[in-house]
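Novice: return a 3D structure for these sequence lines:
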Amino acid sequence: MAIRLRTAHTADLAPAELRAVRGLLDDAFEGDFGDQDWDHTLGGIHALVHDDTGLVAHGAVIQRRVLHHGRSLRTGYVEGVAVRTDSRRRGLGGRVMAALERVIDGAYALGALSATTEGGGLYTARGWQPWPGRVHVLGPDGIVRLPDEEGATFVRSASAGTLDPLHDLIFDWRDGDVL
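Specialist: Residues are numbered from 1 along each chain as shown. Next up, the predicted model:
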């Protein structure tokens, strides 16, 4: 079966492609992927893997800002990584991540993502590091600590230099799940 990988900006995806991505994410997350999660997935670069049966894997990288040690880092934030249930354990998640990592390494100072327990192994195997420090969000009412995200937030330092876990990561605000 031929495997094809394509990267494209959200603006370059046809409505049918966007519907296929949303369907894949709804199925992969077993109904725990809402409209705000979908909104977080849009506006960046998508990696789409197709085989002869259609879309089998997806991931996206969108831009966010992270404050760290007196700097505002342009951050490639990974969203919507999923592989169709019948196609898992074939390396397709790795192919998606390789495409997204190329974008992150070439365009951002930092890569970041929030991983599920099941997904953490994929990211660790690819060199992503669980952030050992504190995680916050800069919300409408100021800086708020996110202790539930500590241990689930992974980083990939592209050109940011050395990140110091003694200094917090403070993510920009967004509606829904902030990370």
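
Novice: what are the ranges of the helices in this structure?
Specialist: Taking DSSP state H as the criterion, the chain carries its helices at 15-28, 35-41, 92-107, 120-125.

Novice: and of these, who's closest to Gly70?
Specialist: Nearest of the helices of the chain to Gly70, taken as CB to CB: helix 92-107 at 22.1 Å. Backbone N, C-alpha and C define where each C-beta goes, glycine included.

Novice: so how far is the closest one from its chain's centroid?
Specialist: Computed by CA atoms, centre = their mean, to the nearest Å, the separation of helix 92-107 from the middle of its chain amounts to 10 Å.

Novice: so what secondary structure elements neighbour that helix?
Specialist: On a contact count with 3 or more CB pairs under 8 Å, 6 or more residues apart in numbering; DSSP states H and E, helix 92-107 meets strand 4-9, strand 45-51, strand 54-68, strand 71-83, strand 110-114, helix 120-125, strand 153-157.

Novice: how about low-confidence regions in the protein?
Specialist: 158-161 (pLDDT under 70).

Novice: go again with 90.
Specialist: Applying pLDDT under 90 to the chain flags the ranges 1-2, 31-32, 85-87, 89, 116-121, 157-163, 176.

Novice: residue contacts, the spatially most central residue of it?
Specialist: In the chain, the C-alpha nearest the mean C-alpha coordinate belongs to Val78, at 1.4 Å (CA atoms, centre = their mean). Contacts for Val78 (CB atoms under 8 Å, 6 or more residues apart in numbering) come out as Gly59, Ala60, Val61, Met97, Leu100, Ile104, Gly111, Ala112, Leu113.

Novice: residues contacting the third one?
Specialist: This means Val61. Shown in contact with Val61 (CB under 8 Å, 6+ apart): Gly44, Ile45, Gly76, Tyr77, Val78, Glu79, Leu100, Val103, Ile104, Tyr108, Gly111.

Novice: that one pairs with what?
Specialist: Bridge pairing for Val61 (DSSP bridges) gives the partners Ile45, Val78.

Novice: so which of the contacts of Val78 is the most crowded?
Specialist: Among the contacts of Val78, the one with the most neighbours (other CB atoms under 10 Å) is Val61, at 30 neighbours.

Novice: can you tell me how far that one sits from Thr53?
Specialist: Using CB to CB, to the nearest Å, Val61 is found at 25 Å from Thr53.

Novice: ok, Ala112 next?
Specialist: Ala112 sits 32 Å away from Thr53, taking CB to CB as the criterion.

Novice: if we can go back for a sec, and the helices of the chain, which is most packed in?
Specialist: Most buried of these by mean neighbour count (mean count of other CB atoms under 10 Å) is helix 92-107; its value is a mean of 19.
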